[in-house]
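**Student:** A structural model of the following input is requested.
(one chain, ligands or ions: 1)
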Amino acid sequence: MTFLGHPLHSFTVHFPIALYLLGVLLTGLALSRGAADTERFAFWSFGLSWLATLVASIFGLIDQGQLAPTDPRLNAVNAHISGGVALLIINGLLVYMRFRWADVLVRYRWPYLGLMALGAAAVLATGWLGGELVFRWHIGVIQP
Ligand code: HEM
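**Tutor:** I've put the predicted structure just below:
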């Protein structure tokens, strides 16, 4: 799907990647400095990254719908989608846990940080596999 000739999935994917990684960075800073404000910013980053993942995924699904059901490249798209869905679930759990327990970094520190690390792996894998779709399989490439 494009807007003013620009592909919207490519435009929107930067936001979940940047916001999720910002959330991880801010959580690390909050843990090392014990600053409550920094921890709150991390929570907001994860909240926004969840929303951004949802928006990017919707545009991605619209693009995927333009491929023929018999297109052999759909296997690669499905691997990419698995990463996106995993990210949506993990990021959603992080937001839920922090919303439910404001002291989650004390109460459930290691499960929370473990989930966060899993989400970071999902965000990197999803971005990598998305890049493969465009640069190896030439999906969504607009001809000049
Ligand atoms: C789960 C739903 C998703 C679907 C169905 C999907 C589908 C696609 C498709 C079909 C492409 C090829 C280019 C295009 O047609 O736009 C693509 C590229 C890409 N996707 Fe996704 N995607 C999804 C979620 C995500 C998420 C959550 C992220 C980021 C965390 C992401 C990151 C990327 C990246 C980085 C590219 C390469 C874009 C470029 O280099 O311009 N995708 N995706």
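**Student:** from memory Leu105 sits against Glu39, does it?
**Tutor:** Yes: contact status for Leu105 versus Glu39: in contact at 6.7 Å, counting by CB atoms under 8 Å. From N, CA and C alone the C-beta is placed, and that goes for glycine too.
**Student:** Overlap of the contact sets of those two?
**Tutor:** Jointly contacting Leu105 and Glu39 under the rule CB atoms under 8 Å, 6 or more residues apart in numbering are 27, 30.
**Student:** Quick one: the helices in the chain, in order.
**Tutor:** Applying DSSP state H to the chain gives helices spanning 8-12, 14-33, 36-64, 74-100, 104-107, 109-135.
**Student:** show me where pLDDT drops low in this structure?
**Tutor:** Scanning the chain for pLDDT under 70 picks out nothing.
**Student:** interface residues of it facing the ligand?
**Tutor:** Proximity of the chain to the ligand (CB under 6 Å from any ligand atom) is limited to residues 7, 9-10, 13, 16-17, 53, 56-57, 60-61, 63-64, 77, 80-81, 84-85, 87, 123, 126-127, 130-131, 133-134, 139-140.
**Student:** Buried members of those residues into ChimeraX, please.
**Tutor:** Applying 16 or more other CB atoms under 10 Å to these, the buried members can be selected in ChimeraX as follows:
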select :7,9,10,13,16,17,53,56,57,60,63,64,77,80,81,84,87,123,126,127,130,133,139,140
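**Student:** Next, count neighbours for the residue nearest to Trp137 when sequence neighbours are not counted.
**Tutor:** Leaving out its chain neighbours, the residue that sits closest to Trp137 by CB to CB, 6 or more residues apart in numbering is Arg73, at 4.7 Å. Neighbour count for Arg73, taken as other CB atoms under 10 Å: 15.
**Student:** who touches Ala79 in this structure?
**Tutor:** Contacts of Ala79 by CB under 8 Å, 6+ apart are Leu129.
**Student:** Ignore what I typed, I meant Ile62.
**Tutor:** Ile62 neighbours (CB under 8 Å, 6+ apart): 1, 9.
**Student:** Offset the numbering so it begins at 27, please.
**Tutor:** From this message on, residue numbering opens at 27, which makes the last subject Ile88.
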